[in-house]
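Visitor: Mind looking at a prediction? Sequence and model below.
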Amino acid sequence: MEQLITEVEKVVREVGGLLAEQQSTEPIAARTRAEALAAFGALDRPAAGLLRERLGALRPQAGWPADELETAVPADGEWWSCDATDGAVQYLLGLPHWAVTATLLREGEAVLAVVHAPRLDATYTAVRGAGARLNGRRITPSERELETAVVATSHPPTVAGDPEALRRVGATTSAVLRAGVLAVRNLGPTALQVAQVGSGHLDAFWECGPDAPNLLGGALIAAEAGARVTDHAGRPWQPAASTGFLAAPAGQHEALVRVLGLVR
């Protein structure tokens, strides 16, 4: 896997560099959702195609999902789970918080992950059982107490049309704020925020709803760095089954499980 992770990182950096060159520092002028999607697609489709071409050559036996937005995770064999522009909204607004992600799955679990944020000069890598790195250096989660913690969250597209899921998003946010954390933020791409828990740039990340493709790469990085990755009840996170996600250092994890567990 050592040689493969090096080659995957090269591919991800190549795609990230091309996208960074094309990103404007000004927000796009699109006024409607359709206009924004069209503008983004013109940039994202070629980048996604290049990512698939390059990674396919590295691991021709690995499959690709038919739909990038598919929430299910294949349980058998090897599969790529990738996003050429994780953080599309930020990209279109000229903000730096977006990333190129590539995760190799084996029997439904992530075994290799790269999360590269070109504008932030941050490249996270992890191989199962071999630790996690940021720009080549080993990383570990923070040791801050909850009252000094900056925690992050997001919400997958699947919650938009689900009133109960939306209620839980609001309820968990209120509960975490009442727990006395220093701040709650949503800094953009899910995979990057989860990876940042591994390096201590964020103290914890939680999410409601199924979102395995966006979580798998960051979850591997956070776990390999030493963070605890579970559902809201503290059980091991199951990509195909869990509807809640939490990544946090051991010192904060138990308290956050108690907080999230109170939300029904």
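Guide: That came through, no problem.
Visitor: elements contacting the biggest helix by length in the chain?
Guide: Identified as the longest helix of the chain according to DSSP state H is helix 33-58. Under the contact criterion of 3 or more Cβ pairs under 8 Å, 6 or more residues apart in numbering; DSSP states H and E, helix 33-58 touches helix 2-22, strand 78-86, helix 88-92, strand 99-106. Every residue, glycine included, has its C-beta placed from N, CA and C.
Visitor: show me where the stretch 101-250 of the chain has strands.
Guide: Ranges of strands within the stretch 101-250 of the chain are 109-117, 122-127, 132-134, 137-138, 150-154, 183-185, 204-208, 228-230, 244-248, based on DSSP state E, counting those that start in this stretch.
Visitor: Would you tell me which of those strands gets closest to Ile28?
Guide: Closest to Ile28 of those is strand 109-117 (Cβ to Cβ; 19.7 Å).
Visitor: Mind listing the strands that closest one pairs with, and their directions?
Guide: Using DSSP bridges, the strands paired with strand 109-117 are strand 99-106 (antiparallel), strand 122-127 (antiparallel).
Visitor: which one of these has the most crowded surroundings?
Guide: Of all the strands paired with strand 109-117, strand 99-106 has the most neighbours on average by mean count of other Cβ atoms under 10 Å, namely a mean of 28.
Visitor: Compute the inter-axis angle for that strand and strand 78-86.
Guide: 170 degrees (axes from the mean of the first three to the mean of the last three Cα atoms, to 10 degrees).
Visitor: by how many degrees do strand 99-106 and helix 2-22 diverge?
Guide: When the same axes, to 10 degrees is applied, the directions of strand 99-106 and helix 2-22 differ by 150 degrees.
Visitor: that older thread, and the longest helix of the chain, what's buried?
Guide: Neighbour counts over helix 33-58 (16 or more other Cβ atoms under 10 Å) mark Ala36, Phe40, Leu43, Asp44, Ala47, Ala48, Leu50, Leu51, Arg54, Leu55, Leu58 as buried.
Visitor: Now do the same contact list for the third one.
Guide: So the one you mean is Leu43. By Cβ atoms under 8 Å, 6 or more residues apart in numbering, the contact set of Leu43 is Leu19, Gln22, Thr85, Tyr91.
Visitor: Contacts only, for the second one.
Guide: Meaning Gln22. Counting by Cβ under 8 Å, 6+ apart, Gln22 makes contact with Leu43.
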